[in-house]
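Asker: curious how this folds, go ahead:
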Amino acid sequence: MKKKKGVVRYSKYGYLFSIPFVLAFLVFQLYPIVYTAVIGFTDLKGVVPPAIHFLKDDPFANFRIVLTSNSFKVAFKNTVIIWLLNFVPQILLALLLAAWFTDRRWKIKGQGVYKVLLYMPNIITAATIAILFKSFFDYPKSPINDLLMKVGILEQGHPFNFPLSKKWAKGLVAFIQFWMWYGYTMLILISGILGISPDIFDAAEVDGANKIQTFFKVTLPNIRTILLFTLVTSLIGGLNMFDIPKLFLLGGPDSATKTTSVYIYEQAFSGSYLYNRAAAASMIMFVVIMICSSALFILMRDRDAGGYGKKETKRLKQQAKLAKKAAKGGF
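Answerer: Numbers count the residues shown, from 1 in each chain. Just a heads-up that it's a prediction; the model follows:
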């Protein structure tokens, strides 16, 4: 077939505009991932590494050493505990705030100001937040210790050493992560709820559903995809947690806040320079994240596709339309 004269093909410009991203991805993302995967099977180490040699006798030696390392096991356990301690209250509070802001019956004034203030911690850099909380909970002089002594929880002249307590250190790191990210999670959930058709809420209101019933029966089922996105991104961020544990307490006390990312950093750059083992640990975490993310996709996929979920949504929409017609005297 002959091409029509005068017809402009705009699709080629899309490919041209995508070239910068593709090049940046290949150089700054794909290449480091492939290189990391490769050196996990080598003997690369030292400040000035010698020639790289592949481990022919036992290619998975680095992976086996990392998996049997007590330090890695402790770091992995800490990572999971800290992530759970911050994500569970984070998602609960974010859901509560999202439902509050999007409920038309509340009619909250100044929503924009509240949203900005709640999202503000996510804008502040991790280094600034780490310094801020370190000054709050420092020993022996800190605002928190002074406050606790004033209200009588601590004896005068006997401050509590928060950074030296394993439980408190872990809890503080989890709280900082929660405080930094609940506002972001809230905004994501709000955007998901605002994407639900108002007719569904109208139908639920006509049915006599109260706020709690509307939230659990209408809102949550219709933001399943947003919840999945939030859970997966939080999982990826949680298992890669580095800045707060490293900057706040340097992984201490006694490795109580050492995460897998801190472990990888220490293997590669903190005197050991065991790049091969750091790469092996990175690939292990990559596989763990892939498995967990896939499991979440399978568990939270929309099983109601074409079934009860869509039928119920369609029924509620039709009911809302009928209610509007009845209100206007359409019958």
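
Asker: where does pLDDT dip in the stretch 1-150 of the chain?
Answerer: Judged against pLDDT under 70, the low-scoring parts of the stretch 1-150 of the chain cover residues 1-8.

Asker: what segments of it are strands?
Answerer: Remark: strands of the stretch 1-150 of the chain are absent; assignment by DSSP state E, counting those that start in this stretch.

Asker: domain parsing for this protein?
Answerer: Recorded structural domains for the chain (assignment: automatic domain parsing) are 20-64, 69-128+166-273+308-327.

Asker: not counting its neighbours along the chain, what's nearest residue 149?
Answerer: Distances taken as C-beta to C-beta, 6 or more residues apart in numbering place residue 156 nearest to residue 149, at 5.4 Å, with adjacent residues excluded. C-beta: built from backbone N, CA, C; applies to glycine.

Asker: how about residue 194?
Answerer: Closest to residue 194 by C-beta to C-beta, 6+ apart is residue 102, at 6.3 Å.

Asker: can you report how many residues lie near that neighbour?
Answerer: 20 (other C-beta atoms under 10 Å).

Asker: roughly how far does it sit from residue 21?
Answerer: 34 Å (C-beta to C-beta, to the nearest Å).

Asker: again, but for residue 48
Answerer: According to C-beta to C-beta, residue 48 and residue 21 sit 35 Å apart.

Asker: can you give me the mean pLDDT across the helix or strand containing residue 176?
Answerer: When elements are defined using DSSP states H and E, residue 176 is found to belong to helix 166-194. In this model, helix 166-194 has a mean pLDDT of 93.

Asker: before we move on, what about stretch 200-212?
Answerer: Per-region confidence: stretch 200-212 scores 82 on mean pLDDT.

Asker: ends of it, what's the gap?
Answerer: One end of stretch 200-212 to the other measures 15 Å (C-alpha to C-alpha, to the nearest Å).

Asker: now do the buried residues in it.
Answerer: Of the residues in stretch 200-212, those with enough neighbours to count as buried (16 or more other C-beta atoms under 10 Å) are 200, 201, 202, 203, 204, 205, 206, 209.

Asker: cool, stretch 58-72 as well?
Answerer: In stretch 58-72, residues buried by neighbour count (16+ other C-beta under 10 Å) are 61, 62, 63, 66, 69, 72.

Asker: ok, and the closest non-adjacent residue to residue 168?
Answerer: In space, residue 168 is closest to residue 162, 4.9 Å off (C-beta to C-beta, 6+ apart).

Asker: thinking the one you found is in contact with residue 172, fair?
Answerer: Yes. Shown here, residue 162 and residue 172 form a contact pair, counting by C-beta atoms under 8 Å, at 6.7 Å.

Asker: quick check: neighbours shared by these two?
Answerer: Taking C-beta atoms under 8 Å, 6 or more residues apart in numbering as the contact criterion, the residues that touch both residue 162 and residue 172 are residue 137.

Asker: other SSEs contacting the lengthiest helix in the chain?
Answerer: Scanning the chain for the helix with the most residues, using DSSP state H, yields helix 70-102. In this structure, helix 70-102 packs against helix 111-123, helix 166-194, helix 224-239, helix 260-269, with contacts taken as 3 or more C-beta pairs under 8 Å, 6 or more residues apart in numbering; DSSP states H and E.

Asker: if we use 10 Å, what do you get?
Answerer: Judged by 3 or more C-beta pairs under 10 Å, 6 or more residues apart in numbering; DSSP states H and E, the packing partners of helix 70-102 are helix 61-67, helix 111-123, helix 166-194, helix 211-214, helix 224-239, helix 243-249, helix 260-269, helix 275-300.

Asker: can you say which of those helices is nearest to residue 151?
Answerer: When the helices and strands packed on helix 70-102 are ranked by proximity to residue 151, the top entry is helix 166-194, at 17.8 Å, counting by C-beta to C-beta.

Asker: now that closest one, how far from the centre of its chain.
Answerer: Helix 166-194 has its C-alpha centroid displaced from the chain centroid by 9 Å (C-alpha atoms, centre = their mean, to the nearest Å).

Asker: mind checking how far residue 292 is from residue 286?
Answerer: Separation of residue 292 from residue 286 (C-beta to C-beta) stands at 11 Å.

Asker: equivalent analysis for residue 277, please.
Answerer: From residue 277 across to residue 286, the span is 15 Å (C-beta to C-beta).

Asker: and for residue 113?
Answerer: Relative to residue 286, residue 113 is positioned 41 Å away (criterion: C-beta to C-beta).

Asker: which residues are in contact with both of residue 292 and residue 286?
Answerer: With contacts defined as C-beta atoms under 10 Å, 6 or more residues apart in numbering, the residues adjacent to both residue 292 and residue 286 are residue 239.
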